[in-house]
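A.B. asks: structural data only, the sequence is not supplied:
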């Protein structure tokens with residue numbers, strides 16, 4: 001069996017396919033594998049997408065650069081996952097972001113027509129594809145709302161609230177302050193000051209990458225907005 005079959009079977013849209021079907025795609029070279037070193041530009045904003053991109057090993061980030069040069073990180077993605085699927089199947093198929101590797105990565109490319117054929121042949125594959133697109137739409141909607149928040153304090157509270165599960169009183173940050181500054185589109189010092197301000201206001205207490213919730217009411221109010 002091809003060594004990458006297992007990775008493909010972990011992907012939402014491929015998990016309903018038989019392992020033999022995935023292996024056939026690989027054996028017939030219908031899935032083209034490319035290797036990228038760390039910090040490589042996989043695709044640039046504005047490029048036309050004729051193929052579905054599948055990250056099968058490594059990590060990438062997607063970024064947008066504003067006219068003033070400020071870089072906004074949209075998403076941080078690790079394998080296995082599908083890249084820019086919504087843009088690939090949009091009317092113009094234009095990539096709205098830059099895709100950059102953050103470690104050595106493997107990306108598989110499969111022609112859109114082959115994906116259409118799989119949809120026609122396998123109803124379960126089609127259902128998984130549609131659900132994946134819906135999930136991504138919800139993510140982008142949340143991200144858009146996050147970007148439009150008018151102050152850094154609100155962005156931090158929104159982010160922490162998203163991480164908080166079952167009203168936990170402690171949250172483990174999944175990114176460093178440096179990484180979060182890119183995610184929020186601000187400088188590292190500005191983000192550090194904002195966290196310090198939240199501590200001064202008695203809302204949180206920061207202990208390394210652990211955030212302790214002090215004022216639970218503000219999170220309840222924030223969730224209802």
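C.D. replies: Sure thing, it's come through. Remember, predicted model here, so these are calculated numbers, not experimental data. Residues are numbered from 1 along each chain as shown.

A.B. asks: tell me where the model's unsure across this structure.
C.D. replies: For the chain, the stretches with pLDDT under 70 are 1-3, 66-68, 140-150, 220-225.

A.B. asks: that one: strands as residue ranges?
C.D. replies: In the chain, the segments counted as strands under DSSP state E are 32-36, 41-43, 51-57, 59-65, 71-78, 81-83, 98-101, 105-111, 170-172, 204-207, 210-213.

A.B. asks: make CSV from these and add distance to residue 90 and mean neighbour count to it.
C.D. replies: Where you see a C-beta, it was placed from the backbone N, CA and C, and this is true even at glycine. What follows is the strands of the chain, written out as CSV (distance: least, Cβ to Cβ, whole Å; neighbours: other Cβ atoms under 10 Å):
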stretch, distance to residue 90, mean neighbour count
strand 32-36, 22, 14
strand 41-43, 14, 17
strand 51-57, 13, 21
strand 59-65, 15, 18
strand 71-78, 16, 16
strand 81-83, 14, 20
strand 98-101, 16, 22
strand 105-111, 16, 19
strand 170-172, 35, 13
strand 204-207, 39, 14
strand 210-213, 37, 17
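
A.B. asks: closest one to residue 185 among those?
C.D. replies: Smallest distance to residue 185 across the strands of the chain (Cβ to Cβ): 4.4 Å, for strand 71-78.

A.B. asks: now the closest one, how far from the chain's geometric center?
C.D. replies: Centre-to-centre, strand 71-78 and its host chain are 6 Å apart (Cα atoms, centre = their mean, to the nearest Å).

A.B. asks: all set, thanks.
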